[in-house]
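Student: Sequence below, structure please.
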Amino acid sequence: MIKAVIFDFDGLMIDTESLWFDAYYSVAKEEFGIEIKIEEFALAVGISEVPYLELIEKQVGHPIDRPSFLEKTTRFFKENVQSIQPREGVEEYLQYAKTNNLSIGLATSSTLDWVEKFLKQFNFYYYFSVIKTYDIVGTKKPNPKVYLEALKGLGVRASEAIAFEDSLNGYKAATGAGIHTIVVPNRLTQYINFPQGTPSIPSMASVELKKFL
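Tutor: Numbers count the residues shown, from 1 in each chain. The predicted structure is shown next:
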């Protein structure tokens with residue numbers, strides 16, 4: 001019996017991952033006149049900025065001023081993230097879980113101050129009884145620790161929970177903790193090759209939460 005639902009944050013609840021692609025794409029086009037392919041950019045999701053920069057340098061044909069480029073992409077991201085909205089169906093999932101007395105947790109590689117800001121902005125904060133972040137547990141996905149800590153905080157076994165993720169590292173972390181995991185890819189992570197048979201839905205608006213319970 002499912003007693004708890006655990007959500008990822010970036011890319012799943014708000015699509016910051018695709019926004020980072022937009023930032024790199026925009027600056028690379030403006031600076032070097034190149035167009036980054038989203039399917040190539042997606043391969044480095046959740047690793048670091050280094051593969052992104054190497055992808056651009058390969059396309060440009062020479063090393064670039066990395067600090068300057070990152071400064072410009074970060075500025076683009078910060079300006080545009082202010083108007084970001086929750087992904088479709090997220091609020092309905094939270095409402096259904098709350099109404100049906102499911103415990104709700106959050107497990108993310110982001111920091112607490114980052115996720116709290118948006119959860120409060122969207123009035124989602126009160127839904128969560130447990131929030132586990134990188135700065136709390138000390139490790140990032142694909143390490144399953146953030147999910148194991150979430151399970152502990154929720155007081156449920158892995159078999160009593162279901163997780164929702166958008167990235168491969170997140171999927172590995174959740175399944176590594178023994179949790180049945182549904183992938184909800186975003187505009188960027190839809191290009192990632194997940195293991196064959198990975199449960200997946202196009203968006204939370206396309207399938208009601210009760211279908212998984």
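Student: How many residues are close by Ala174?
Tutor: Counted with other Cβ atoms under 10 Å, the neighbours of Ala174 add up to 29. C-betas here are computed from N, CA, C, even on glycine.
Student: dump the residue contacts of it.
Tutor: By Cβ atoms under 8 Å, 6 or more residues apart in numbering, Ala174 lies in contact with 6, 8, 107, 144, 147, 163, 165, 181.
Student: Off-centre distance for stretch 161-176?
Tutor: The gap between where stretch 161-176 is centred and where its chain is centred comes out at 10 Å by Cα atoms, centre = their mean, to the nearest Å.
Student: What residues sit buried inside the helix or strand containing Asn80?
Tutor: Assigned by DSSP states H and E, Asn80 falls within helix 66-81. By neighbour count on 16 or more other Cβ atoms under 10 Å, the buried set for helix 66-81 is 69-70, 72-73, 76-77.
Student: hmm, back to that, and the two most separated of the contacts of Ala174?
Tutor: Comparing every pair within the contacts of Ala174 by Cβ to Cβ identifies Asp8 and Pro144 as the most remote, at 12.9 Å.
Student: Residues in a beta bridge with the spatially closest residue to Ser200 that is not a sequence neighbour, which ones?
Tutor: Using Cβ to Cβ, 6 or more residues apart in numbering and skipping the chain neighbours, the partner closest in space to Ser200 is Val183 (4.4 Å). Listed by DSSP bridges, the beta-bridge partners for Val183 are Glu165, Ser200.
Student: If we only consider the buried residues of helix 66-81, which is nearest to Leu188?
Tutor: If you rank these by distance to Leu188 using Cβ to Cβ, Phe77 comes first, at 13.4 Å.
Student: so that closest one makes contact with Glu17?
Tutor: No - contact between Phe77 and Glu17 fails when scored by Cβ atoms under 8 Å: they sit 10.8 Å apart.
Student: per-residue pLDDT, the residue lying closest to Lys3 once chain neighbours are set aside?
Tutor: Leaving aside its sequence neighbours, Lys3 sits nearest to Glu160 (Cβ to Cβ, 6+ apart; 4.4 Å). Listed pLDDT for Glu160 reads 98.
Student: go on, the one 10 residues further on?
Tutor: Gly170 is assigned a pLDDT of 94 by the prediction.
Student: Count the residues that sit near it.
Tutor: 29.
Student: Thank you kindly, that will do.
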